[in-house]
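Trainee: just coords:
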C-alpha cells in the first residue's frame, strides 16, 4: 500500500528525530515541547486541508475549561483565536479532536494524561441550527458533543496490557466502567509498541469481530508496526464531518461587528 509505506517512512524519520532529541537536549521539558511540535507538524501535513492544528486550552459555553492541551485539531468553522506557534484559546464547537503527546509514556505520565482527558471530556459542544453531522448514529452520539481525545507517544515503559489495566483502575476509582464513552480518553498510540482503543458500543465506524462475525466494542489493544498509519485511520473515523450553517462566536455572546 503506497500511503502506508509513505507513513512508515515518516515514522522512521520521527524515530530518527527522537534519537536527535536525546542527543541534543538534557532537559525533559525541552524534549517534550519539541516532541509535541513534531506530532503537530505531522498532523498538519497529513490531515485534510480543511483542518488546522494548534495547542492551548479549550472552553465551552458553560465556562468549563480544559487544561493546557498539546494537540488541538479544529475545523474551518473555528475562528482564528490561535497561531501555529503559540498556545491559543479554542471553542469546543470548532474542535474535531484533541490529545496529549509524549516522548516516553510512563506510569505517572499515563495517570496525568487520563486525568487531563477527564477534564477535557467535561466540555460539551452545542449544536448549531440545522447543523449536519455526516456519520453513523453511534459516532454522532459519542464524538459530536464530546470530541475524541487521544494520547500519542514515541515509546512506552508500559506494556499495552498495563495501559488497559491502569485505565480500568482509574475508571473504577471515578465510579464508571472503563468501556463507558465520553468519560476519559478514547485511545492511546505508542509508535514503538502499538495502540489501545475504546471501540465504545461496537456500533460505530470502528469495531471488533469475534469468531462468529459479530461486532464487539470496549477497549482493545493491538501490537502494530504501523502506528502512525493506524493513528491517522482512527482520527479519520472518529472525527465526524460537521457542516455548520451558523457561526460559533455568537454562542459565546460574541457578535462580530457589534
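Mentor: The structure has been received and is ready for your questions. What you see is a predicted model, and the numbers here were worked out from it, not measured in a lab.
Trainee: sec struct for residue 139, please.
Mentor: Following DSSP: H, G, I helix; E, B strand; the rest coil, residue 139 is assigned to helix.
Trainee: now the closest residue to it other than its chain neighbours: how far from residue 5?
Mentor: Residue nearest to residue 139 in three dimensions, not counting chain neighbours: residue 204, with 4.4 Å by CB to CB, 6 or more residues apart in numbering. Bear in mind the C-beta positions are built from the backbone N, C-alpha and C, glycine included. Going from residue 204 to residue 5 by CB to CB, to the nearest Å gives 28 Å.
Trainee: and if you look at residue 212?
Mentor: Taken as CB to CB, the span from residue 212 to residue 5 is 34 Å.
Trainee: ok, the two, which is more surrounded?
Mentor: More crowded of residue 212 and residue 5, by other CB atoms under 10 Å: residue 5, with 11 against 5.
Trainee: Quick one: classify that one as helix, strand or coil.
Mentor: helix.
Trainee: just residue 146 next, same as before
Mentor: Secondary structure, three-state DSSP: residue 146 is coil.
Trainee: Whichever strand in the chain runs longest - contacts with which helices or strands?
Mentor: Looking across the chain with DSSP state E, the single longest strand is strand 95-105. Contacting strand 95-105 under the criterion 3 or more CB pairs under 8 Å, 6 or more residues apart in numbering; DSSP states H and E are the following elements: helix 28-46, strand 69-74, helix 107-120, strand 149-156.
Trainee: could you redo these as JSON lines and give each row distance to residue 249, mean neighbour count and mean pLDDT?
Mentor: Output for these, formatted as JSON lines (distance: least, CB to CB, whole Å; neighbours: other CB atoms under 10 Å; pLDDT from 0 to 100):
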{"stretch": "helix 28-46", "distance to residue 249": "24", "mean neighbour count": "16", "mean pLDDT": "81"}
{"stretch": "strand 69-74", "distance to residue 249": "14", "mean neighbour count": "25", "mean pLDDT": "98"}
{"stretch": "helix 107-120", "distance to residue 249": "21", "mean neighbour count": "18", "mean pLDDT": "98"}
{"stretch": "strand 149-156", "distance to residue 249": "24", "mean neighbour count": "24", "mean pLDDT": "96"}
